[in-house]
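Asks: I would like to see how this sequence folds:
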Amino acid sequence: MIHAVRPSFDADPAAARDPGRGEQAAAPVTIEQLASLSHEFRTPLNGVIGLARLLEATTLSGEQRSYVDALRESGEHLLGLVNQLLDFARLGASSVEIVNEEVSLEDLLRGVCELTAPRAIEKGLEIGWWTAPGLGRIRADESRLRQVLLNYIGNAIKFTRSGGVIVSAAPAGPGRIRLSVRDTGPGVAENDRERIFEPFIQLDPRVDAVSLGGAGLGLAIVRSLATALNAAAGVDSATDGGADFWLDFPAAKAGGAPSRNLARRRVGVISPCLVVREAANRQVLARGGEAAGAAGLEAPPADAEVLLVDHALAPQAPPDDRPAIILLSPEDRTQIEIYRQRGFAGYLIKPLRPGSLAERVLAAAGAGKRKESLDDRIAPAVALGIRVLLVEDHAINALLATAMLTREGCSVDHAGSGPEAMAAVAVGAYDLILMDMRMPGMSGLETAQEMRALGLSTPIVALTANAFEDDRQACLAAGMDEFLVKPLSGDALRRILTRVASGWSPATGQHQLA
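Replies: Sure thing, here's the model as predicted:
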């Protein structure tokens, strides 16, 4: 079902108060003009951020690394402001189209948490998620729910100095679901909880005397989307401190409840971080098991069959003779074999996935297959020999993308325009085409359409600075298969290359990969 709702906020409050002001003002800027202007901002910003990321992967002194970190963070902050301004303007200028389709809540929460995990890890934070027992698939607008969650999670990471962020989905009454993003940050005073959802409103933009900045638009965007979804959005105090931002929305169940394959299994979770303990405990419960937690190795849960132990505790061995599984972040992948030698039965990658958690727990308890599947977040590069045509008119962006592709073992040909790309596919065979959407002359959309008209079946992935639903729909309508948002994320690019190496299959649950 598709319906459209027009957000109600006024883009020019001053003009509304003074009608004469509107008559004297210049003609309003159109959304198309704003999009074009924002593209001109984002193109050099993508270059700055991408080069900073490449520099971070080189050998740097401590002082140099601090400078590069500041450069990247400043660029990402400015890029976020540009994106929010355009998003806000779009919502205010046109109807919001709502497309209700089947949505897996587990896939939705897993996708947004894994997408934002690198930002959390950079700040030394944990991020975890869970869904309530029995919640499976629903009918809702996945892209709008994802947009709300990304705004909430970005806000939570920004204002949280230690601890982490927990994302959850649970019933909120008959026919309604509540999405919640809780953090361990400073919280929001009760008399500010309504005001912060207004456009351009910021509270104290400093945490521990560090200026965080921002335009005050992220929560205004959430409120507009909530109106379009016939939902309610707000913030409460989290039970353990911090803020609890939530969205209550109507949704019909569509079946597909997760398996309860941990029924009658008891799992102990040992981590100094409450976020990790809660995420693991709740995922065990959702799979039908029982869970207990502990903050340290000295007193592990007594009645657990299998123990999950956080790498943050630096364990030299399992706490006792019960099977133990080590919990690692993706960047800790080199520790897997070390922990095997110390006697651990397996590993899990954070943020935890309930399917993998259940599989590893059953295997450790002797009730499942012993050969564990490799987590795709730590899989080695699988792009050796993959032939990629990179269609990108901007030299710096082409340099960055080529460096990232080459690092993954790809063979890269570069075309600087649509006609050059058409000439390249006429004489060469490629496993993947990465296509910039906005190029002078023949655009990426037009180039993709012409390639498909000629019968080319090679996967085409758009490269775009615009992370909006209508951009995704335009890509798909032109015959493209997926799209990546610039500046390119190494994790998102690896996921695309992994799919190419595996024979390419349609994505599930998440169309936007970065």
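Asks: if I read this right, residue 235 contacts residue 243, doesn't it?
Replies: Yes - Residue 235 lies in contact with residue 243 (CB atoms under 8 Å); the separation is 5.5 Å. All C-beta spots, glycine's among them, are computed from the backbone N, C-alpha and C.
Asks: Give me the common contacts of these two.
Replies: Both residue 235 and residue 243 are contacted by residue 188, under the criterion CB atoms under 8 Å, 6 or more residues apart in numbering.
Asks: more crowded one of these two?
Replies: residue 243 (24 against 21; other CB atoms under 10 Å).
Asks: correct me, but that one touches residue 182?
Replies: Yes - the pair residue 243 and residue 182 qualifies as a contact (CB under 8 Å) at a distance of 7.1 Å.
Asks: so what sits against both of the two?
Replies: In contact with both residue 243 and residue 182: residue 156, using CB under 8 Å, 6+ apart.
Asks: Just the pLDDT at the residue lying closest to residue 259 once chain neighbours are set aside, thanks.
Replies: Distances taken as CB to CB, 6 or more residues apart in numbering put residue 287 closest to residue 259, at 6.8 Å, once the chain neighbours are dropped. Per-residue pLDDT puts residue 287 at 95.
Asks: Might one say that residue 287 is in contact with residue 267?
Replies: No - applying CB under 8 Å as the test, residue 287 and residue 267 come out as separate, 9.4 Å apart.
Asks: after the one helix or strand residue 338 maps to, next one along is what?
Replies: Following DSSP states H and E, one finds residue 338 within helix 336-341. Scanning forward in sequence from helix 336-341 by DSSP H and E, the next helix or strand is strand 346-349.
Asks: helices or strands up against the helix or strand that that next one is followed by?
Replies: Using DSSP H and E, the helix or strand that follows strand 346-349 in sequence is helix 354-364. Applying 3 or more CB pairs under 8 Å, 6 or more residues apart in numbering; DSSP states H and E, we find helix 354-364 packed against helix 274-286, strand 306-310, strand 324-328, strand 346-349.
Asks: Quick one, which of those gets closest to residue 249.
Replies: helix 274-286 (20.2 Å; CB to CB).
Asks: Can you check what angle separates the next helix or strand after the closest one from strand 306-310?
Replies: The element immediately downstream of helix 274-286 (helix or strand, assigned by DSSP H and E) is strand 290-294. Here the directions of strand 290-294 and strand 306-310 differ by 40 degrees (axes from the mean of the first three to the mean of the last three CA atoms, to 10 degrees).
Asks: Report the mean per-residue pLDDT for strand 290-294.
Replies: Averaging pLDDT residue by residue across strand 290-294 gives 96.
Asks: Kindly report the same for stretch 343-363.
Replies: On average, stretch 343-363 scores 95.
Asks: now do the same end-to-end measure for that stretch.
Replies: By CA to CA, to the nearest Å, the extent of stretch 343-363 from end to end equals 15 Å.
Asks: try stretch 324-336
Replies: Stretch 324-336 end-to-end distance (CA to CA) = 13 Å.
Asks: returning to what we had before: quick one: contacts for the residue nearest to residue 259?
Replies: Per CB under 8 Å, 6+ apart, neighbours of residue 287: 258, 259, 260, 261, 262, 263, 354, 357, 358.
Asks: Weed out the non-buried ones from the residues you listed.
Replies: Buried subset of these (neighbour count, 16 or more other CB atoms under 10 Å): 258, 261, 262, 354, 357, 358.
Asks: ok now do the fifth one, which residues does it touch?
Replies: Residue 357 makes contact with 280, 283, 284, 287, 308, 348, according to CB under 8 Å, 6+ apart.
Asks: is it possible to export these to CSV including distance to residue 314?
Replies: CSV is the format used below for the contacts of residue 357 (distance: CB to CB, whole Å):
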residue, distance to residue 314
280, 18
283, 24
284, 24
287, 28
308, 15
348, 17
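Asks: and which of those residues is nearest residue 169?
Replies: residue 283 (12.2 Å).
Asks: my guess is that closest one contacts residue 355, does it?
Replies: No - with contact defined as CB under 8 Å, residue 283 does not reach residue 355; the gap is 9.2 Å.
Asks: The two: which has the busier surroundings?
Replies: Neighbours were counted for residue 283 and for residue 355 using other CB under 10 Å; residue 283 has more, 28 against 16.
Asks: which one is the more buried one nearest to, not counting chain neighbours?
Replies: residue 354 (4.1 Å).
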